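**Q** Everything below, folded, please.
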Amino acid sequence: MRAQIESSVEGMYLEYETFGDENNPPVLLIMGLAVQMLAWREKFCEDLAAKGFYVIRFDNRDIGLSKHFDELGSPPLVRRVLFNMFCGRWFKVGTPYGLEDMARDSFGLLSALGIEKAHLVGASMGGTIAQTMAIMDPARVLSLCSIMSTTGARNLPDGDTRVRLMLLKKPGPTHEDRVKRTIDAITMISAPQEPSADLASYAERVVSRSYHPEGATRQMNAIIAQNDRTKDLGGLKMPCVVIHGKKDPLVPVQHGEATAAAIGGDVGLVVIENMGHVIVQKFNDIVISAIVRNAQRGINRGGLDISDLDVTLE
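**A** Have a look, this model is predicted:
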């Protein structure tokens, strides 16, 4: 389904899909860099909806079937990555659009669906967007769940260089090359877990649905240019939970720990011992339980009890 979004961008639209009863409390799922909404796998969405929520997944701008911004051109990504590595603590790179624009898109989708307030769940770049939304307009955020994400602080450790370089590498020119590149990337960032058994068919579906590397370049530039949200996160008052894999090869666990520390208060921190940078199906129950409990305490105004979650799954 496609929603027209009120925006300063003419003809702005986002592709989305919903699960569950629209009369239930809404949960907006926000996905990460260069990843379509399909990465919120159907079973995950259905299981979350079965807990009594109206679940919304969508393609961010410049990816999938949402509006592309090719008229903005492609920033020189490698040059800007290197600039950020060596000078990022002192200087910011320019960007065609930022995380704030993507946050406004997400609010625009909620408005288009007639939703005033929602629970936010963001993964990786989606977590930075969700955090930005909570900072920009906290009155519209019922609860915040930041998964395998970061504060944007420049003093946090980088991910595995081998993984980062592999993700920057361009695939060959054929459809088969693109599918293989997708399989290889998901396999690498899933480590130490094996990817899902249906990875090959999933990769085929994703690439056939949309292949748009120029959009991913602009999204990456928005990440490079992000602000350090550490101070602003400390002002959040809504229920918050941070989820991170201890073995994350792309965004090290210190980023999740820093996010929880920045929010402070009674924020929940769930560190899953053997999770990488993908929520493989075996971790669905843990992640969904943490999301649901955090959302429910927004209703009941209680503390977050996560002590019984089995975070040591092999």
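
**Q** Just the residues contacting the one helix or strand L144 maps to, thanks.
**A** In this assignment (DSSP states H and E), L144 forms part of strand 141-147. Strand 141-147 is touched from outside by 25, 117-124, 126-127, 130-131, 133-134, 236, 238-244, 256, 259, 279, 287, 290-291, 294-295, 297-298, with contacts defined as C-beta atoms under 8 Å, 6 or more residues apart in numbering. For glycine as for every other residue, the C-beta is placed from the backbone atoms N, C-alpha and C.

**Q** Check which residues of the helix or strand that comes right after it are buried.
**A** Using DSSP H and E, the next helix or strand after strand 141-147 towards the C-terminus is helix 161-168. Buried residues in helix 161-168, counted by 16 or more other C-beta atoms under 10 Å: V163, L167.

**Q** in this protein, which spans are helices?
**A** Taking DSSP state H as the criterion, the chain contains helices spanning 42-49, 77-87, 99-112, 125-136, 161-168, 175-190, 199-209, 213-224, 230-233, 253-263, 284-300.

**Q** Leaving out chain neighbours, which residue sits closest to A153?
**A** Spatial nearest neighbour of A153, excluding adjacent residues (C-beta to C-beta, 6 or more residues apart in numbering): D228 at 4.9 Å.

**Q** now G122
**A** G122 sits nearest to A130 (C-beta to C-beta, 6+ apart), 3.2 Å away.

**Q** List the residues that contact the one you found.
**A** I30, S106, L120, V121, G122, L144, C145, S146, S149.

**Q** One more: M31?
**A** M31 neighbours (C-beta under 8 Å, 6+ apart): M37, A39, W40, R57, D59, N60, G122, A123, S124, M125, G126.

**Q** Next, format these as a markdown table and append pLDDT and neighbour count.
**A** Converted to a markdown table, the contacts of M31 look like this (pLDDT from 0 to 100; neighbours: other C-beta atoms under 10 Å):
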| residue | pLDDT | neighbour count |
| --- | --- | --- |
| M37 | 98 | 23 |
| A39 | 98 | 21 |
| W40 | 98 | 24 |
| R57 | 98 | 25 |
| D59 | 98 | 25 |
| N60 | 98 | 27 |
| G122 | 98 | 27 |
| A123 | 98 | 26 |
| S124 | 98 | 26 |
| M125 | 98 | 26 |
| G126 | 98 | 27 |
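
**Q** now, which of the residues you listed lie within strands?
**A** The members of the contacts of M31 that map onto strands under DSSP state E are R57, G122, A123.

**Q** tell me the contacts of the last one?
**A** Under the criterion of C-beta under 8 Å, 6+ apart, the contact list for A123 reads L29, I30, M31, G32, A39, I147, M148, S149, I279.

**Q** buried subset of these?
**A** So, of these, L29, I30, M31, G32, A39, I147, M148, S149, I279 end up buried under the neighbour-count rule (16+ other C-beta under 10 Å).

**Q** For I129, see how far away the second one is.
**A** Just to be clear, that refers to I30. 5 Å (C-beta to C-beta, to the nearest Å).

**Q** can you check N60 too?
**A** Counting by C-beta to C-beta - N60 and I129 are separated by 8 Å.

**Q** any residues in contact with both of those two?
**A** I30, M102.

**Q** Just to check, I63 is in contact with Q219?
**A** Yes - between I63 and Q219 a contact is recorded at 6.8 Å, counting by C-beta atoms under 8 Å.
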